[in-house]
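Student: based on what follows, work out the 3D shape:
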Amino acid sequence: MIEFIEASVTASGIDGERTIIHPLTLRLREPRIALIGGNGSGKSTIARLCNGLVLPAQGRVLVSPPGSDLTLEPARDGAAVRRHVGFVFTNPAAQLVMPTALEDVALSLRRKIRDRGERDAAARAVLDRFGIADLAERSVHALSGGQQQLLALASVLAADPAILIADEPTTLLDLRNSRMISEVLCSLPQQLIVATHDLDLAARCDRVLVIDGGRVIRDSSSPGAGGQREVIEWYREQA
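Tutor: Predicted structure coming up:
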């Protein structure tokens, strides 16, 4: 579970301080949660608050990994939070840092497996689990967009986080690869929080929140909201 307690985010600019996220109090418990909203609505900032890529100017963010008695705070326990909360970026090139697919996954395993041979074997097993074992020796720059995003997912999940945050993971992909990544995301055992423009992906989640102007303006878990599909349809009508 991730909990926001009056958490706000501000940014300084030439015109003074601007509020990006207004004080937010929220508990995210469901297995799959979608954050939807227009560009600049604040949904990606909320996603980044979940693992400490962005810290609140005021208030708190608490992380309680499923199956654990821990309660962590990104502002205080940043490294521990990032071990439990994986993050997948919109552009996989932002996180694929090693020359080959095998080396990139192996990098994620370096803390858990010290022996190089064992680490490489474990990395190959991860690639096989995601159906991309044949890409092990391929340069990450030679992969298609869908293959890169799948590799980025595999690299993050190799460390076995309890929670996965995905920030618009299908935005740069064609329809076929968007569907493939959506299938993978929705099949994961981890709690998933995804900021997305992909309303088909959002409809497969257990809870949908609409973000606008740095606020949650609609939440499918609220009484009378009508459920995920009704919230998505309402959002379509407002767009």
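Student: residues near residue 235, how many?
Tutor: 19 (other C-beta atoms under 10 Å). (C-beta placed from N, C-alpha, C; glycine too.)
Student: so it is in which element?
Tutor: Using DSSP states H and E, the secondary-structure element containing residue 235 is helix 228-238.
Student: please apply the same query to residue 62.
Tutor: With DSSP H and E as the criterion, residue 62 is inside strand 58-63.
Student: how far is that strand from where the chain is centred?
Tutor: Taking the mean of its C-alpha atoms, strand 58-63 sits 18 Å from the chain's own mean (C-alpha atoms, centre = their mean, to the nearest Å).
Student: residues of that strand that come out buried?
Tutor: Within strand 58-63, the residues that count as buried by 16 or more other C-beta atoms under 10 Å are 59, 61-63.
Student: so which other helices or strands are in contact with that strand?
Tutor: strand 2-13, strand 16-28 (3 or more C-beta pairs under 8 Å, 6 or more residues apart in numbering; DSSP states H and E).
Student: now the spatially closest residue to residue 168 that is not a sequence neighbour: phi and psi?
Tutor: Beyond its immediate neighbours in the sequence, the residue positioned closest to residue 168 (C-beta to C-beta, 6 or more residues apart in numbering) is residue 90, lying 4.3 Å away. Note on residue 90: its backbone torsions stand at phi -60, psi -50 [degrees, to the nearest 10].
Student: gap between residue 90 and residue 166?
Tutor: Distance, residue 90 to residue 166, using C-beta to C-beta, to the nearest Å: 9 Å.
Student: what about the spatially closest residue to residue 67 that is not a sequence neighbour, neighbour count?
Tutor: Sequence neighbours aside, residue 162 is the residue nearest to residue 67 in space, at 6.6 Å (criterion: C-beta to C-beta, 6+ apart). Applying other C-beta under 10 Å, we find 18 residues neighbouring residue 162.
Student: ok, residue 31 next?
Tutor: As a burial measure, the neighbour count of residue 31 was computed by other C-beta under 10 Å and equals 14.
Student: now do residue 194
Tutor: Using other C-beta under 10 Å, the number of residues around residue 194 comes to 27.
Student: so it belongs to a helix, correct?
Tutor: No. According to DSSP: H, G, I helix; E, B strand; the rest coil, residue 194 belongs to no helix; its state is strand.
Student: can you tell me the closest non-neighbouring residue to it?
Tutor: Residue nearest to residue 194 in three dimensions, not counting chain neighbours: residue 166, with 4.4 Å by C-beta to C-beta, 6+ apart.
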